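S.K.: Below: sequence and its predicted model.
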Amino acid sequence: MPAPAATPVRPARVLPGLRDRDDLLARIRGEYLEMPGLALSLDQAQRLWNLPRQECERILDALVGSGFLACTRLGMFVRAGVGCAGA
């Protein structure tokens with residue numbers, strides 16, 4: 001009896017036109033600059049940018065580390081220095 005075919009693993013898709021991490025960082029910065037009140041949880045950011053969880057965490061951590069984003073006490077990622085009521 002033949003062995004069942006293995007299910008192929010599909011690589012994570014990144015938004016069309018984004019070739020590397022720098023492009024992704026620029027895209028995310030642009031989103032936050034266009035929408036100053038943007039407040040996203042990790043799950044929301046992951047879905048919005050269609051990223052694997054670990055990659056999304058690394059990107060958001062890098063933006064927090066650079067001072068561009070801040071993470072609120074409720075776990076929302078917001079632009080640093082821009083007030084976000086309730087986040």
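M.R.: Received the coordinates, thanks. Numbers count the residues shown, from 1 in each chain.
S.K.: so what's residue 46 up against?
M.R.: Applying Cβ atoms under 8 Å, 6 or more residues apart in numbering, we find residue 46 in contact with 52-53, 56. Heads up, the C-betas are built off the backbone N, CA and C, glycines and all.
S.K.: likewise residue 21?
M.R.: residue 59.
S.K.: So which residues of the chain form helices?
M.R.: In the chain, the helices defined using DSSP state H lie at 21-34, 42-48, 53-65.
S.K.: For those helices, give me CSV that also has mean pLDDT.
M.R.: Output for the helices of the chain, formatted as CSV (pLDDT from 0 to 100):
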stretch, mean pLDDT
helix 21-34, 93
helix 42-48, 97
helix 53-65, 96
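S.K.: so residue 48 touches residue 41, yeah?
M.R.: No. Counting by Cβ atoms under 8 Å, residue 48 does not reach residue 41; the two are 10.3 Å apart.
S.K.: picking that back up, buried among the contacts of residue 46? Need that as a selection in ChimeraX.
M.R.: Paste this into ChimeraX to select the buried members of the contacts of residue 46, with burial taken from 16 or more other Cβ atoms under 10 Å:
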select :56
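S.K.: and the contacts of residue 46 as TSV, adding distance to residue 30?
M.R.: TSV is the format used below for these (distance: Cβ to Cβ, whole Å):
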residue	distance to residue 30
52	21
53	22
56	16
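S.K.: quick one, which of the helices of the chain is nearest to residue 75?
M.R.: Closest to residue 75 of the helices of the chain, according to Cβ to Cβ: helix 42-48, at 6.9 Å.
S.K.: Work out the gap between the closest one and the centre of the chain.
M.R.: 6 Å (Cα atoms, centre = their mean, to the nearest Å).
S.K.: residues in contact with the closest residue to residue 79 other than its chain neighbours?
M.R.: Residue nearest to residue 79 in three dimensions, not counting chain neighbours: residue 32, with 4.9 Å by Cβ to Cβ, 6 or more residues apart in numbering. Applying Cβ under 8 Å, 6+ apart to residue 32 gives the contacts 38, 68-69, 79.
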